[in-house]
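> After the sequence you'll find the predicted model.
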Amino acid sequence: MVAVLAQRVASLRPRRRLQLAGLAVLVLALLLAFFYIRSEAADPEIRNDVLLNLRELEKLDAEWDANILRAHIGRAPATAALTTQLPRMRELTTRLGEAVTATSGAPVRTAYSLLRDAMQRKELLAVQFGRHNPPLREALVYLPPAVADLKTELGGIEGALAPARLVVRLDASLNALLTEILRYNVTPNPPLAARIDEILGDIAAQQIAFSPAVVEKMDALIKTSRVILVKRPLENRLEAHIAATATGAALDRLGREFDRAFDTELAVRERYRGYLFGYSAFLLLLLAYAGMRLRRSYRIIGEVNHRLQAANENLEHRVAERTAELEAQSKQLERLAQHDSLTGLINYRQLTRLLERALARANRRDSVVVIMFIDLDGFKAVNDTYGHATGDLVLQMVARRVQEKLRAEDALARLGGDEFVIMLEEVASREGALRVAQLALDQIRSVTEADGNPVTISASIGISSARGHLGAARGSAALLAEADKAMYDAKSSGKGGFVVSPSAQWLAPGQGGAH
Ligand SMILES: Nc1nc2c(ncn2[C@@H]2O[C@H](COP(=O)(O)OP(=O)(O)OP(=O)(O)O)[C@@H](O)[C@H]2O)c(=O)[nH]1
């Protein structure tokens, strides 16, 4: 799988491969950031805040309950005490709501909404409770002394204003009312309410027998008793409903769910810390692998470079060698092209080249160029008698001996076989040229022994010459042909001598220099 992937990647274009590598690095970095963020330690401050808020809310709720209870038993300093905790409780509930949004988990949200509903219900009920409680409290506070007061007044009027029978009856009714009202206040129930209602009816029926002042007090008593009759069960019901809102239980539940959510969050972060650790190890391995690959690549590149450098140096060396070889070969070829291989003298080609230049110079200087065509006499016999090698040796000796007698600027060429040519420049006179011809002849004749064998050779020499502009205009080929012809003339007139071509040109006597 990995190998197939690597092969695919390797087959991509370099630009595409670079893009892919960038994308891979981005994904790896994003994954690292994700694990890092998810593994970050949960802020303990949030947990502390939530717990402190919950504790304060519990405390305020308990105080609220205590205030309601105090109001119920008539010890509340004022009904305002029933709502003093509310602003702070609302604030704490809102803060808990914010903590809920920061904490994940449906159970926490459910517990929070239950608490909020309970709080709202309780608040509403507490307001209603606060409305009904004061009249009830006043009635309960008012009734016993009012009964006692009326009874005292009845004692004073006994036998005077009303018949004693009626006074006794009202007194008994008042006693019964107080007893039943006190019982009703503790346990309000319909039979007791019916009984009180009956007593009140009885008291009302007796009013006609008493003075208006007493009737007024009786009315007040009846009214107060009816307030108690109505408000007492109402307040009890409200109180029961307040208790049923169970804000304490809702707070407990929310506290538990918060704890659980925080613990779960901690466990999740702990798990991600593990992932982060593993992933970091994986990244390190990846990095080490990449480093290794890079090092290997560098090593290979270094080796390839080294080899290329060595190959380059070797190539340069070989090229230099080959160039030197070629130069040497070229020089050799040039030399071969210009020289005769047996004697080392220049050949016909080179001779004509030198002759052209010499004629050009003669043209400029109005000087004389002389050509002497030499053909050995009796050379064939040497070959035939002693063999080709001896003949070669004789040719070499002739070349060397004639060359010895010439100036550096003179030229001696071998045209092939036993034919030689001497070229002289700046020849002052015909006599000078003939002296050179004679010298050459002597030198050739001086070869009398080769390879221990006696030889007898001579030469026939044809001489031609060209002077200045006119001579140069005749050209090298004509000059050579004239000399050749003169040489044949020399041969035909008996060999061993020289003949000057009739077309030879010379300087006028007195114009001459060197030869
Ligand atoms: N050893 C040797 N012999 C050569 C060479 N080139 C030509 N020859 C021989 O030289 C001889 C030249 O012949 P000829 O010029 O007729 O000989 P010759 O005896 O001088 O006769 P004439 O010129 O008529 O006086 C021939 O036998 C050729 O084979 C060479 O390079 N080396």
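Received the coordinates, thanks.

> residues near the residue of the stretch 151-300 of the chain found nearest the ligand, how many?
Of the stretch 151-300 of the chain, the residue with the smallest distance to the ligand, taken as C-beta to the nearest ligand atom, is residue 300 at 64.3 Å. Placement of C-beta: from N, CA and C, glycine included. By other C-beta atoms under 10 Å, the residues close to residue 300 number 10.

> check which helix or strand covers it.
Using DSSP states H and E, residue 300 falls within helix 247-338.

> State the mean pLDDT of that helix.
Average pLDDT, helix 247-338: 90.

> In terms of secondary structure, what does that helix contact?
Other elements packing on helix 247-338 under the criterion 3 or more C-beta pairs under 8 Å, 6 or more residues apart in numbering; DSSP states H and E are helix 14-39, helix 44-72, helix 106-157, helix 348-365.

> Dump those into JSON lines; add mean pLDDT as well.
Shown next, in JSON lines, are the helices and strands packed on helix 247-338 (pLDDT from 0 to 100):
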{"stretch": "helix 14-39", "mean pLDDT": "85"}
{"stretch": "helix 44-72", "mean pLDDT": "87"}
{"stretch": "helix 106-157", "mean pLDDT": "89"}
{"stretch": "helix 348-365", "mean pLDDT": "95"}
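
> Which of the ones you listed sits closest to residue 239?
helix 44-72 (5.8 Å; C-beta to C-beta).

> Now that closest one: buried residues?
46-47, 50, 53-54, 57-58, 60-61, 64-65, 67-68, 71-72 (16 or more other C-beta atoms under 10 Å).

> cool, stretch 481-492 as well?
For stretch 481-492, by 16+ other C-beta under 10 Å, it's 481, 482, 483, 484, 485, 486, 487, 489, 490, 491.

> cool, and stretch 442-460?
443, 444, 445, 447, 450, 455, 457, 458, 459, 460.

> wait, isn't the fifth one in contact with residue 382?
The one in question is residue 450. Yes - using C-beta atoms under 8 Å, residue 450 is in contact with residue 382, at 7.2 Å.

> gap between the residue of the stretch 201-350 of the chain found nearest the ligand and residue 459?
Closest residue of the stretch 201-350 of the chain to the ligand, C-beta to the nearest ligand atom: residue 342 (5.8 Å). Distance, residue 342 to residue 459, by C-beta to C-beta, to the nearest Å: 17 Å.

> and the residue of this structure nearest the ligand?
For the chain, C-beta to the nearest ligand atom, closest residue to the ligand: residue 391, 2.4 Å.

> now for the helix or strand where that residue lies, which elements pack on it?
Residue 391 belongs to helix 388-404 when assigned by DSSP H and E. For helix 388-404, the packing partners by 3+ C-beta pairs under 8 Å, 6+ apart come out as helix 379-386, strand 411-416, strand 419-424, helix 430-445, strand 449-450.

> tell me what the very next helix or strand once past the last one is packed against?
As assigned by DSSP H and E, the chain's next helix or strand after strand 449-450 is strand 453-454. Here strand 453-454 is seen to pack against no other helix or strand when contacts are counted using 3+ C-beta pairs under 8 Å, 6+ apart.

> Moving C-terminal from strand 453-454, which element do we reach first?
Once strand 453-454 ends, the next helix or strand along the chain (criterion: DSSP H and E) is strand 458-467.

> where does the stretch 201-350 of the chain come near the ligand, residue by residue?
Within the stretch 201-350 of the chain, the positions adjacent to the ligand are residue 342 by C-beta under 6 Å from any ligand atom.

> Any residues of this protein in contact with the ligand? List them.
342, 375-381, 383, 388, 391-392, 395, 417-418.

> hang on, residue 509 is in a strand, isn't it?
No - assigned with DSSP: H, G, I helix; E, B strand; the rest coil, residue 509 falls outside any strand and is coil.

> chain center to whatever helix or strand residue 230 lives in, what's the gap?
Under the criterion of DSSP H and E, residue 230 resides in helix 212-244. Relative to the chain's own centre, helix 212-244 is displaced by 86 Å; criterion: C-alpha atoms, centre = their mean, to the nearest Å.

> coming back round to it: the helices and strands packed on helix 247-338 into CSV, with extra columns for distance to residue 424?
As requested, the helices and strands packed on helix 247-338 are exported to CSV (distance: least, C-beta to C-beta, whole Å):
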stretch, distance to residue 424
helix 14-39, 77
helix 44-72, 122
helix 106-157, 128
helix 348-365, 9
